[in-house]
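# Test case, fold it:
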Amino acid sequence: MKLFLFDIDGTILRTHNVGRHALEDALAEVVGRPLPTAGVSFSGKTDPQILREILESHGLEEETHDGDFERILDAYMNHMRSVLTPERFELLPGVAELIPRLASMPDVRLGLLTGNVKPMAYFKLEAVGLAQYFPFGAFGSDHAERRRLPALAVERARALTGRTFTGKDVVIIGDTEHDIDCGRGIGACSVGVCTGRFSCEELAAHHPDLLLPDLSDPAPLLALID
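Prediction:
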């Protein structure tokens with residue numbers, strides 16, 4: 001049996017920088033002044049890590065340790081819910097067919113491994129009709145460090161299914177170097193998908209077990225299932 005853990009942004013869907021603008025609005029609302037985010041990359045990071053890097057880049061380290069940090073995250077989620085209308089979502093190639101197909105297979109379990117905080121992850125997936133396929137996962141709200149998330153997702157899969165997933169039984173699918181690298185500590189199989197901000201050449205430099213231009217052809221992923 002295989003455990004497939006999917007990233008969301010850049011792998012399942014795109015929202016075309018809505019998140020960056022919503023976070024800037026949330027920062028201005030809570031901090032009381034604009035805090036530009038242009039110098040901080042969002043790709044492959046958890047929401048708390050992104051927020052911490054933005055605050056520190058503006059000399060606001062103290063804001064990462066008090067109640068303002070949580071207030072900014074709450075404001076960010078509120079702004080995202082208000083601006084993420086259906087037409088802003090782009091479901092990436094092959095996803096609408098692949099996810100239900102994998103979910104229907106008796107020797108596959110699906111979960112999430114995403115930097116989104118949990119409520120935002122499911123808000124996005126509900127908007128594109130895919131939330132029901134992901135009963136568990138590990139999220140940015142669990143830990144700011146993405147490398148901590150794979151082991152947590154695996155433990156939640158064990159609690160839900162009664163099965164222990166080890167090594168290459170775990171398949172992590174994402175569009176950034178962080179998705180490729182985060183599972184190395186548990187020996188997971190990494191799948192890089194070139195539908196985010198990084199080219200196939202850039203992702204190849206991180207040596208994923210499998211590199212795909214997109215998810216429109218399910219055959220390479222199905223071949224991973226014993």
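
# which residues does the closest residue to Gly183 other than its chain neighbours bridge with?
Nearest residue to Gly183, sequence neighbours excluded (Cβ to Cβ, 6 or more residues apart in numbering): Ile172, at 4.3 Å. In short, each C-beta sits where N, CA and C put it, glycine included. Beta-bridge pairing for Ile172 (DSSP bridges): Leu5, Ser190.

# Quick check, Ile172 in contact with Val193.
No. Judged on Cβ atoms under 8 Å, Ile172 makes no contact with Val193 at a distance of 10.8 Å.

# residues making contact with the longest helix that the chain contains?
The longest helix of the chain (DSSP state H) is helix 67-83. Here helix 67-83 makes contact (Cβ atoms under 8 Å, 6 or more residues apart in numbering) with 18-19, 21-23, 25-27, 29-31, 47-48, 51-52, 55, 63, 117, 119-120, 123.

# just stretch 25-32 next, same as before
34-35, 37, 54, 60, 63, 68, 71-73, 75-76, 78-79.

# and which of those residues is nearest Asp226?
For these, the residue nearest Asp226 by Cβ to Cβ is Leu73; the value is 40.0 Å.

# Need the pLDDT of the closest one.
pLDDT, Leu73: 92.

# tally of neighbours for it?
Neighbours of Leu73 under the rule other Cβ atoms under 10 Å: 21.

# How about Thr164?
Here the count is done by other Cβ under 10 Å, and Thr164 has 11 residues near it.

# From what I see, it and Arg158 are in contact.
Yes. Between Thr164 and Arg158 there is a contact under Cβ under 8 Å: 5.3 Å.

# so where's the chain uncertain?
Scanning the chain for pLDDT under 70 picks out the ranges 63-66.

# per the record, what domains does it have?
2-15+89-222, 18-86 (automatic domain parsing).

# Return the most buried member of these.
Comparing those by mean neighbour count (mean count of other Cβ atoms under 10 Å), domain 2-15+89-222 ranks first with a mean of 19.

# Can you give me the end-to-end span of that one?
Start-to-end span of domain 2-15+89-222 (Cα to Cα, to the nearest Å) is 10 Å.

# now it: how far from the chain's centre is it?
Remark: domain 2-15+89-222 is offset 7 Å from the chain centroid, using Cα atoms, centre = their mean, to the nearest Å.

# same deal with stretch 27-41?
For stretch 27-41, the distance to the chain centre is 22 Å (Cα atoms, centre = their mean).

# Could you export it as PDB, CA atoms only?
Provided in PDB are the C-alpha atoms of stretch 27-41 (Å, rounded to 0.1, in the frame of the first residue of the first chain):
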ATOM      1  CA  LEU A  27      -0.100  42.800   7.900                       C
ATOM      2  CA  ALA A  28      -1.200  46.300   7.300                       C
ATOM      3  CA  GLU A  29      -4.400  45.700   9.300                       C
ATOM      4  CA  VAL A  30      -2.700  44.300  12.400                       C
ATOM      5  CA  VAL A  31       0.700  46.100  12.400                       C
ATOM      6  CA  GLY A  32      -0.800  49.400  11.300                       C
ATOM      7  CA  ARG A  33       1.400  50.100   8.300                       C
ATOM      8  CA  PRO A  34       2.300  48.500   5.000                       C
ATOM      9  CA  LEU A  35       5.000  45.900   5.100                       C
ATOM     10  CA  PRO A  36       6.100  45.000   1.500                       C
ATOM     11  CA  THR A  37       6.800  41.300   1.000                       C
ATOM     12  CA  ALA A  38       8.600  41.400  -2.400                       C
ATOM     13  CA  GLY A  39      11.900  40.200  -0.900                       C
ATOM     14  CA  VAL A  40      10.400  37.000   0.600                       C
ATOM     15  CA  SER A  41       9.800  33.900  -1.500                       C
END
